[in-house]
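In: need a 3D model of the sequence below.
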Amino acid sequence: QLRLVESGGGLGQPGGSLRLSCAASGTSLDRYAIGWFRQAPGKEREKVLCISASGDSTSAADSVKGRFTIARNNAQNRVYLQMNSLKPEDSAVYYCAASARYGLHRCAPVHDYETWGQGTQVTVSS
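Out: Have a look, this model is predicted:
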């Protein structure tokens, strides 16, 4: 059974960078689209970025385009979220999630990820 664990969160400086990692165990990630989501206090969970199982398709929220990128290393069973030019409004709990329902070349719809990690806190503050 697939299990996901996020790491790499912490305190980031405005304008700085952080890299989050989503490590999978229990099964190979190579059939799963992976999404990164975030939820700030009092706000709904939002999709940040996603990447297809094959890695040939990504989708980003407008709020992070040009600043955040997603990459996967199926050999390591990991997906990364590189966050650059951090802003205080990027502060949130970040989650990775997996979906195997939509084939190899597309992301899953926002509400159709079946496996979730426990989340990692990102705080952007000077």
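In: in space, not sequence, find me the middle residue of this protein.
Out: residue 36 (2.2 Å; C-alpha atoms, centre = their mean).
In: given the one helix or strand it maps to, what are its sheet partners and their directions?
Out: Using DSSP states H and E, residue 36 maps to strand 33-39. Applying DSSP bridges, strand 33-39 is found paired with strand 46-51 (antiparallel), strand 92-99 (antiparallel).
In: so for residue 21, which of the ones you listed sits nearest?
Out: strand 92-99 (8.7 Å; C-beta to C-beta). Where C-beta positions appear, they are placed from N, C-alpha and C, glycine not excepted.
In: next one: the closest one to chain centre, how far?
Out: 5 Å (C-alpha atoms, centre = their mean, to the nearest Å).
In: how about it: buried residues?
Out: Neighbour-count burial for strand 92-99 flags 92-99 (criterion: 16 or more other C-beta atoms under 10 Å).
In: ok, stretch 75-86 next?
Out: Neighbour-count burial for stretch 75-86 [16+ other C-beta under 10 Å]: 77-81, 83, 86.
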